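1. Quick one: sequence plus predicted model below, questions after.
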Amino acid sequence: MSTLDERLLAEWEQIDKAAWDLWGRALDPSAMAPLELAGVASLLSAIYNGIENILKQVVGADGPLPTGPRWHADLLDQAGRAGALDTATRGGLRQWLGFRHFFHHGYPLRMEPAQLAVMLEAAPGLLDGFRECINRCRQQKAGLADLLPVLRHRGSR
């Protein structure tokens with residue numbers, strides 16, 4: 001296994017741990033206290049950060065990474081141009097980026113249960129789509145087999 005593959009897999013394992021913490025049990029944001037909502041939002045933000053870390057490694061292997069105040073959004077665009085993300089997954093990750101921005105800029109205790117419920121509902125499908133995109137990108141670029149396995153939370157439902 002290459003060093004890049006080892007880094008991608010290590011990051012994916014961290015995403016899997018956070019996903020298991022979220023979806024390995026029943027969560028009802030409408031019944032959560034503000035600190036619980038902030039904790040769940042923190043895990044969703046950590047998962048998104050892991051996705052960005054994977055994208056930085058995949059896209060960075062082919063050239064320079066975006067910089068500047070819009071680098072997060074530019075990374076998604078660059079990943080799309082590089083064939084690492086399809087349009088639907090990129091669009092979903094853009095929404096997740098908006099959620100992450102809201103969380104990271106000081107508003108976790110203003111998180112609305114309905115807002116969090118939308119993210120909790122959408123995130124598993126986005127993670128599946130992301131995994132498929134990264135695996136497909138590796139296959140197309142280097143003829144490699146799938147690297148990122150299905151997340152454990154999928155087997156728990």
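-> Structure's in. What do you need?
2. Pretty sure Ala114 sits against Leu37.
-> No: in this structure, Ala114 sits apart from Leu37 without contact. The criterion is CB atoms under 8 Å, and the distance is 10.7 Å. Quick note: C-beta positions are derived from backbone N, CA and C, even for glycine.
3. Check whether Ala46 sits in a helix, strand or coil.
-> Counting by DSSP: H, G, I helix; E, B strand; the rest coil, the backbone at Ala46 sits in helix.
4. Next one, pLDDT for it please.
-> Predicted confidence (pLDDT) at Ala46: the value is 93.
5. Spatially, and excluding backbone neighbours, which residue is closest to it.
-> Nearest residue to Ala46, sequence neighbours excluded (CB to CB, 6 or more residues apart in numbering): Ala18, at 5.3 Å.
6. what about that neighbour, which helix or strand?
-> helix 3-23 (DSSP states H and E).
7. now swap in Ile134 and tell me
-> Here Ile134, judged by DSSP H and E, is contained in helix 113-142.
8. Pull out the buried positions in that helix.
-> 113, 116-117, 119-120, 123-124, 126-127, 129-131, 133-135, 137-138 (16 or more other CB atoms under 10 Å).
9. rewinding a little: tell me which residues of the helix holding Ala18 are tucked away?
-> Buried, per 16+ other CB under 10 Å, within helix 3-23: 8, 11-12, 15-19, 21-23.
10. which ones are touching the residue nearest to Ala46?
-> The contact partners of Ala18, by CB atoms under 8 Å, 6 or more residues apart in numbering, come to 43, 46-47, 50.
11. neighbouring contacts of stretch 124-136?
-> Applying CB under 8 Å, 6+ apart, the external contacts of stretch 124-136 come out as 8, 12, 15, 19, 23, 47, 51, 54, 58, 84-86, 88-89, 92-93, 96, 146-151, 153-154.
12. no, scratch that, I was asking about stretch 96-109
-> 34-35, 37-38, 41-42, 44-45, 48-49, 51, 72-73, 76, 111, 115, 119, 122-123, 126.
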